[in-house]
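Asks: Sequence plus predicted model, see below.
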Amino acid sequence: MSVMELDIKISKTPNSRISEFNQENIQFGKQYSDHMLVAHYEDGAWGTPEIIPFANLSLSPATTFMHYGQAIFEGVKAYKDANGKARIFRPQDNWKRMNKSAHRMAMPDVPEELFVEGMRKLIEIDEAWVPTAAGSSLYIRPFMIATDEFVGVRPATKFTFLIITSPAAAYYSKPVSIFVHDEYVRAFPGGIGFTKAAGNYGASMYPDQQIKKMGYDQILWTDGFEHKYVQEIGTMNVFFVIDGKVITPDLNSGTILAGVTRDSVITILKERGIIVEERPISIDELEEAYKNGKLTEAFGTGTAASVAPIGKLTFHTDEMQLRPVEEWEIVNWVKTTLDDIRYGRVADTHGWILPV
């Protein structure tokens, strides 16, 4: 893959914090690399981007995004291969998805060279922060916020695009326990469920807090009309293996995020000859398949979570406890195959890897 050259200003920190980085104790989202990328949009154009030392932002209390939620983000990861070279997984797909979010949120497109080449250059500068421990990666968070200093209700005219990075270990260390929610709703057709808008996640915080008190890890959301059809998990798309077929909710209603990991999983499954169905799937169908012994595996996919086996699904008081993950064929193959591509253990035949 190639993008246009990027005019970029670089100011490196004189005081690297890399000595504080302990690869044996990585906690997701707790430590950030030395630098960040910043670019400002004003008068209909993007200014020259900068890579500067990671630091706090100075913002007016009237800054638009804090009042009206004009904020979007993406999640990308970089990995190190056996030769210690960093490689970014599918950044151009995240760039395309970010601009879909931007359109829906009345925000400007982020140019490809700013997103992809800016990211590549940032990782090149902070390559020492890409961990090498098994299962680890560098989590990359591109995001854009509306920065007008104005509390009137209208689309903003000024925006800031940033990229920050953070070392990451495995997001889930064990199979996750999922509660199927039919009270609160994540997204409706015509809304912003297909975007990575900050508000989607803010609205999920209270229900998520409640189910964690009940001992569950995440919510599997259902549709807002019948509370019958499953949509996605708070941080992941969802897949079910039923009678040898892999089934995942389709994207047609506009309520589900088009996950890059989701697309990667569908691609490699089909290449292996496994039937993948993208269609509506109801909780009734899942319960029936479980009772008949045909629901054999379930898993979530996402940039942060990668491929996360689901050990248990609970709907009201009905529990669907799946067999031990060690016995699962499809999930374990998917996880190994994706990791082999990401870490450079096999050839990248899909053009998914951007070398740093």
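Replies: Cool, got the structure.

Asks: quick one: the residue of the chain most remote from its centre from residue 88, how far?
Replies: Ranking residues of the chain by C-alpha distance from their mean position (C-alpha atoms, centre = their mean) puts residue 292 at the top, at 33.3 Å. Counting by C-beta to C-beta, to the nearest Å, the gap from residue 292 to residue 88 is 43 Å. Using the backbone N, CA and C atoms, a C-beta is placed for each residue, glycine as well.

Asks: Could you do residue 356 as well?
Replies: Distance, residue 356 to residue 88, using C-beta to C-beta: 7 Å.

Asks: Looking at the two, which has the bigger crowd around it?
Replies: Set side by side, residue 356 and residue 88 give different neighbour counts by other C-beta atoms under 10 Å, the larger being at residue 88 (26 against 20).

Asks: residues in contact with that one?
Replies: If you count contacts by C-beta atoms under 8 Å, 6 or more residues apart in numbering, residue 88 has them with 76-78, 119-120, 123, 140, 353-354, 356.

Asks: Looking at these, which is nearest residue 157?
Replies: Proximity of those to residue 157, judged by C-beta to C-beta, is greatest for residue 119, which lies at 25.3 Å.

Asks: Would you mind giving both backbone torsions of the closest one?
Replies: Here is the backbone geometry of residue 119 (degrees, to the nearest 10): phi -60, psi -50.

Asks: ok, now the one 4 residues further on?
Replies: Geometry field for residue 123 lists phi and psi as phi -70, psi -40, criterion degrees, to the nearest 10.

Asks: Let me see the ranges of the helices in the stretch 51-200 of the chain.
Replies: Along the stretch 51-200 of the chain, the segments classed as helices by DSSP state H, counting those that start in this stretch run 64-68, 91-104, 112, 118-125, 198-202.

Asks: Least confident of these, on average?
Replies: Among these, helix 198-202 carries the lowest mean pLDDT, at a mean of 94.

Asks: other SSEs contacting the next helix or strand after it?
Replies: Of the helices and strands lying after helix 198-202 in sequence (DSSP states H and E), the nearest is helix 205-213. Under the contact criterion of 3 or more C-beta pairs under 8 Å, 6 or more residues apart in numbering; DSSP states H and E, the helices and strands touching helix 205-213 comprise strand 176-181, strand 218-222.

Asks: Deepest in the core, which of those is it.
Replies: Across the helices and strands packed on helix 205-213, the average number of neighbours (mean count of other C-beta atoms under 10 Å) peaks for strand 218-222, which reaches a mean of 24.

Asks: Need the residues that contact that one.
Replies: With contacts defined as C-beta under 8 Å, 6+ apart, strand 218-222 is touched by 176-182, 184-187, 204, 207-208, 211, 228-236, 238, 283, 300, 313.

Asks: Would you show me how to pick out the buried ones of these in ChimeraX?
Replies: Entered in ChimeraX, the line below selects the buried ones among the contacts of strand 218-222, by 16 or more other C-beta atoms under 10 Å:
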select :176,177,178,179,180,181,184,185,186,187,204,207,208,211,229,230,231,232,233,234,235,236,238,283,300,313
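
Asks: Just put the contacts of residue 88 in CSV and tack on distance to residue 164.
Replies: What follows is the contacts of residue 88, written out as CSV (distance: C-beta to C-beta, whole Å):
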residue, distance to residue 164
76, 11
77, 13
78, 13
119, 11
120, 15
123, 12
140, 8
353, 22
354, 18
356, 17
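
Asks: quick one: which of those residues is nearest to residue 200?
Replies: For the contacts of residue 88, the nearest to residue 200 is residue 76 (18.1 Å; C-beta to C-beta).

Asks: Residue 128: what's it in contact with?
Replies: When contacts are counted by C-beta under 8 Å, 6+ apart, residue 128 is found next to 18, 21.

Asks: Show the pLDDT at it.
Replies: 97.

Asks: Look up how far residue 279 lies from it.
Replies: 45 Å.

Asks: now swap in residue 71 and tell me
Replies: Shown here: residue 71 relative to residue 279, a distance of 32 Å by C-beta to C-beta.

Asks: So those two - more neighbours on which side?
Replies: Set side by side, residue 71 and residue 279 show more neighbours around residue 71, with 21 against 10, by other C-beta under 10 Å.

Asks: That one reaches residue 144, doesn't it?
Replies: Yes. Under the criterion of C-beta atoms under 8 Å, residue 71 is in contact with residue 144, at a separation of 7.1 Å.

Asks: how about the strands in the stretch 251-356 of the chain?
Replies: When secondary structure is read from DSSP state E, counting those that start in this stretch, the stretch 251-356 of the chain shows strands at 276-278, 295-302, 306-315, 318-321, 353-355.

Asks: Give me whichever of these is most buried.
Replies: Highest mean neighbour count among the strands of the stretch 251-356 of the chain (mean count of other C-beta under 10 Å): strand 295-302, with a mean of 24.
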